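Engineer: I need the structure of the sequence given here:
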Amino acid sequence: RFTLSDGLGLKQLGLKPGQIVGMSLAEFRGTDDPDTEELARHRLALDGKLVEYETTFNSIRYSCSLSPLRNVKGEIIGTLGIALDMTERETLKTKIQKEKVSYRELVENIDETIFSLDTKGKLTYISPVIEKLLGYSPAEIIGEKFYHYVQKKDRPLLRKLFKEVLKGSPQTKKIKLPTRNVGTKSVRISFNPIKSNDHISGISGIITDLTIGKITKKALEESEKKYLDLIENLPVGVFRWSAEPDGHFIMANEATAKICGFEAVDELLGTPVAERYFDADEYIGTLEKIDQKGILIEEEQRLKKTDGTAVWCLVTAKTVMGKADTPPCYDGVILDITGRKSAEEALQISEERFKSIAEGSDDWIWEIGPDLHVRYSNTRVRDVVGYEPEEVIGISLLDLMSEEEMQSHEFAGDYTLLNDKIFAGHKTYLRT
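Structural biologist: Okay, the predicted model is just below:
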């Protein structure tokens, strides 16, 4: 029978804290069958086992954890259970997977060849269109050095370009690449540094086929339309705003407009970017970060919609230098992560509630990993073995057992959470 029911998750089930106290689990689940899977799991917990599982209740997916509840004598008097709503997390996981597929389709369906290199010049990715361009499949050349697919006379120049790119300077070069069959293709290659945590971790680039007759006005128009259609239909926001203190939106797709609370893209264009921030200093701070490093990568920002509500976003933006008669601007992408933030906050509240219960217990409560090393301990450890909680974090539970106990029960060796000798109500002596 329930002796405690509390938590924010009760509200979405139409329940109040303490409402089901006194009710049996069978009554709550509406079953007369004593052998249902959920009742069986609670019996395992009553037998001293830690039980974790997922279940669906009222169309809501939950991740559940059950552990035995003991009195001061170490006797099992019940179970302690925690249920975490997984609905938003599963939805977010599906959304992110779809976005990855969209990005992959975008890269693999444009006419240009997209590639990336590590700092040694080895190909780490190249799009399938390379096979049509040079006759090699991606599987054949990924892992090989880019130089191997360049004419020998161009290799010294290419090495020089690589050095400049790895210093942070983008480079573009027109050269002829040898094809698998005898012959060459005239191409334009753009190289850009890949920045990660304030250092350059590789090179990304685009190979454009310049073969005579390939690029026509009609082909360019069709390519541009296809590119714009793809951008417009992406599930993430794509934007451009002017690089100035009172910058405004110059270009954006529909996803950006919806994230900001606008019904249409035309309503967003021309509006001040600063209006999307709750504090003008936050907007100025964003500009300073972009100007200092040239790029802002996936920074979590709390932005403001047109109705004044908050929306959490991952913002990536880069400075784009204009031509002689064009001022610089910022290009970037924006992803709505409000759902993920809500799930993280709910998880944090759940973990804090568990720690609150654990710290108030008269028993020593700990958590260990599969290697038996302690990952969490409440303060009761001081009274049991004389250690501070931080002193036992990271050590093996076996290190706390006396040598006589280890020898008498043959505990020496590699034991895991599945070893019944240790985790089936075994009584032992611990070192203090």
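
Engineer: need the strands for the stretch 101-250 of the chain, in chain order.
Structural biologist: 113-117, 123-126, 171-178, 184-196, 199-209, 237-242, 249-252 (DSSP state E, counting those that start in this stretch).

Engineer: what packs against the second one?
Structural biologist: For strand 123-126, the packing partners by 3 or more CB pairs under 8 Å, 6 or more residues apart in numbering; DSSP states H and E come out as strand 113-117, helix 138-141. Where C-beta positions appear, they are placed from N, C-alpha and C, glycine not excepted.

Engineer: neighbouring contacts of that strand?
Structural biologist: Contact with strand 123-126 is made by 113-118, 138, 141-146, 202, as judged by CB atoms under 8 Å, 6 or more residues apart in numbering.

Engineer: now that strand - C-alpha only, CSV.
Structural biologist: These are the backbone C-alpha positions of strand 123-126, laid out as CSV (Å, rounded to 0.1, in the frame of the first residue of the first chain):
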residue,chain,number,x,y,z
LEU,A,123,39.3,13.1,-45.3
THR,A,124,36.8,12.5,-42.5
TYR,A,125,33.7,13.0,-44.6
ILE,A,126,32.9,13.6,-48.3
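
Engineer: adjacent strands (with direction) for it?
Structural biologist: strand 113-117 (antiparallel) (DSSP bridges).

Engineer: and the last one, by the same measure?
Structural biologist: When sheet partners are counted by DSSP bridges, strand 249-252 sits next to strand 237-242 (antiparallel).

Engineer: run the chain-centre distance for the strand it pairs with.
Structural biologist: Offset of strand 237-242 from its chain centre (CA atoms, centre = their mean, to the nearest Å): 23 Å.

Engineer: could you do stretch 63-82 as well?
Structural biologist: With CA atoms, centre = their mean as the basis, stretch 63-82 stands 33 Å off its chain's centre.

Engineer: cool, and stretch 185-195?
Structural biologist: Stretch 185-195 sits 29 Å away from the centroid of its parent chain (CA atoms, centre = their mean).

Engineer: wait, isn't residue 149 in contact with residue 177?
Structural biologist: Yes: using CB atoms under 8 Å, residue 149 is in contact with residue 177, at 6.3 Å.

Engineer: circling back to that earlier point, could I get the strands of the stretch 101-250 of the chain as a markdown table with mean pLDDT and mean neighbour count?
Structural biologist: Output for the strands of the stretch 101-250 of the chain, formatted as a markdown table (pLDDT from 0 to 100; neighbours: other CB atoms under 10 Å):
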| stretch | mean pLDDT | mean neighbour count |
| --- | --- | --- |
| strand 113-117 | 90 | 20 |
| strand 123-126 | 90 | 18 |
| strand 171-178 | 92 | 15 |
| strand 184-196 | 89 | 17 |
| strand 199-209 | 90 | 17 |
| strand 237-242 | 88 | 20 |
| strand 249-252 | 90 | 19 |
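
Engineer: can you say which of the ones you listed is nearest to residue 94?
Structural biologist: Closest to residue 94 of the strands of the stretch 101-250 of the chain is strand 237-242 (CB to CB; 19.0 Å).
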